[in-house]
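>>> here is a sequence together with a model predicted from it:
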Amino acid sequence: MKDINIKNDSGLLALALRLVVGWTYFSAFWRRIALENKLDQEAAGYIGEKFNAFLPNALGIKPIIQYLVENPDILWINMVLFTIVEGVVGLFIMFGLFTRIMSIGVFGLAMGILLGSGWIGTTCLDEWQIGVLGIATGFVLFLTGSGKYSLDNYLIKNKFSITQKKWFAWLGSGIIPIKESIFPKVVLIGALFILGITLMTNQVFHGGVWGTLHNKSVKPKLEITDGKIENSTLSFDIFRTKGVDVYGSWVIAIELIDKNNKVVVKYAQKDLAQLNKETIDNYYVAKIKSGEHSLIVPLGAKAKLNLNSDDLLNIASGTYTLKITDISGAYWTHLIENNKS
């Protein structure tokens, strides 16, 4: 049985894919630069704060993200460079210029999205889908290059000298210089590798292959560590690791409870809405801060809180429970030893 002979070139067949994926990346540049200034560190919607939201459950690249959000100036430079790269890659892919090297850019950008934020998505596993589909698209566009409607084709058709270079087929378009006998194996190995990444990340982030499904974006979670009572100061670290990325956790009560379940110190909703800035020592770009009605804790934000109360001066030694309550009714606890002499 003879193989099916498709007269249309593969790059032409991938035109819709090229235009759409190109726009998805260029539009990120367009939104941040033309429609709004999302590179302004002082403005609401600063892209660095969005990047900070990736931190709690990033896969493999968490140390890099943490370093950047701890160093705002370096983070800003990287956000600018990242935005420029997205703009260039998206625009070049849409116009079909140096398509293969740009497809590697698509692959790399998608991999970064997948590893950093593949766990985020309240209903449709949004960021995971964007990541894995971007990786697959980058691989396909590398294999196909651009077809008839592209600048690569224009350069080839008009025999520009650059197209005569051996490296142009690897960086631009045209017949990819892989032996015909090996090419199907390259496609198969690449496809299986990408499928492996898809299944692995789906399982790690969401339990989507076997076991119990889970979604870390549905409910907020606060991690409380390093609790201490020193004289009249109650201090502890608070880190929001789960929940919707565009929706804060609103803390309406912080209580210190003794072994008899008696509240010895309480910061109510009104108190938390009026905390001094000096009370909150933020570690990252995303800031925990007092809002109009509560304490606001964005996803990925971490801070040390130092709460003062004269009632702490008279409490006995022993084990106390720190309880933090969200407006939803969820709460989190942490045991603190008061070794008062």
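Everything's here; your move.
>>> tell me how many other residues crowd the closest residue to I252 other than its chain neighbours.
Leaving aside its chain neighbours, I252 sits nearest to Q269 (4.3 Å; criterion: C-beta to C-beta, 6 or more residues apart in numbering). All C-beta atoms are positioned from the backbone trio N, CA, C, and that covers glycine. Residues near Q269, counting by other C-beta atoms under 10 Å, number 16.
>>> now the one 4 residues further on
For A273, the number of neighbouring residues by other C-beta under 10 Å comes to 17.
>>> okay, it and S27: tell me how far apart.
37 Å (C-beta to C-beta, to the nearest Å).
>>> helix or strand: which one has T137?
helix 126-144 (DSSP states H and E).
>>> now do that helix: everything it contacts.
The contact list for helix 126-144, computed with C-beta atoms under 8 Å, 6 or more residues apart in numbering, reads 10-11, 13-14, 17-18, 21, 24, 93, 99-100, 102-111, 113-115, 117-121, 176, 187, 190-191, 194, 197-198, 201-202, 205-206.
>>> quick check: next helix or strand after that helix?
From helix 126-144, the next helix or strand downstream (DSSP H and E) is helix 151-157.
>>> once you drop chain neighbours, what's closest to L151?
In space, L151 is closest to L97, 4.1 Å off (C-beta to C-beta, 6+ apart).
>>> please settle this for me: is that neighbour part of a helix?
No - looking at L97 with DSSP: H, G, I helix; E, B strand; the rest coil, it is coil, so not inside a helix.
>>> contacts only, for it.
So L97 contacts S146, S150, L151, D152, G172 (C-beta under 8 Å, 6+ apart).
>>> turn those residues into CSV, including distance to A303, pLDDT and neighbour count.
As requested, these are exported to CSV (distance: C-beta to C-beta, whole Å; pLDDT from 0 to 100; neighbours: other C-beta atoms under 10 Å):
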residue, distance to A303, pLDDT, neighbour count
S146, 49, 93, 33
S150, 50, 95, 23
L151, 49, 96, 17
D152, 50, 95, 25
G172, 49, 94, 25
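>>> picking that back up, quick check: PyMOL command selecting the buried ones in the contacts of helix 126-144.
Of the contacts of helix 126-144, the buried ones go into a single PyMOL selection, burial set by 16 or more other C-beta atoms under 10 Å:
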select buried, resi 11+14+18+21+24+93+99+100+102+103+104+105+106+107+109+110+111+113+114+115+117+118+119+120+121+194+197+198+201+202+205+206
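>>> please narrow the contacts of helix 126-144 to those residing in helices.
Among the contacts of helix 126-144, the residues falling in helices (DSSP state H) are 10-11, 13, 17-18, 21, 24, 93, 99-100, 102-111, 113-115, 117, 187, 190-191, 194, 197-198, 201-202, 205-206.
>>> rewinding a little: next, give phi and psi for the residue nearest to L151.
In terms of degrees, to the nearest 10, the main-chain angles of L97 are phi -110, psi 130.
>>> any idea how far it is from S150?
Taking C-beta to C-beta, one finds L97 at 7 Å from S150.
>>> could you do I176 as well?
From I176 over to S150 (counting by C-beta to C-beta), the distance is 15 Å.
>>> kindly report the same for E42.
Distance from E42 to S150, by C-beta to C-beta: 41 Å.
>>> okay if I get the contacts of L97 as a markdown table plus distance to I296?
Formatted as a markdown table, these follow (distance: C-beta to C-beta, whole Å):
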| residue | distance to I296 |
| --- | --- |
| S146 | 47 |
| S150 | 48 |
| L151 | 48 |
| D152 | 49 |
| G172 | 49 |
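>>> can you tell me which of those comes closest to G300?
S146 (38.3 Å; C-beta to C-beta).
>>> for the closest one, phi and psi?
Taking degrees, to the nearest 10 as the convention, S146 sits at phi -100, psi 150.
>>> surely it and F98 touch.
No - using C-beta atoms under 8 Å as the test, S146 is too far from F98 to be in contact (9.2 Å).
>>> between the two, what contacts are shared?
Common neighbours of S146 and F98 (C-beta under 8 Å, 6+ apart) are D152, G172.
>>> let me see the contact set for R32.
R32 touches K38, L39, I47, T83, counting by C-beta under 8 Å, 6+ apart.
>>> go with 10 Å
R32 is in contact with K38, L39, D40, G45, Y46, I47, M79, V80, F82, T83, E86, G87, counting by C-beta atoms under 10 Å, 6 or more residues apart in numbering.
>>> am I right that it sits in a helix?
Yes - note on R32: a helix contains this position according to three-state DSSP.
>>> could you find the closest non-adjacent residue to it?
K38 (4.0 Å).
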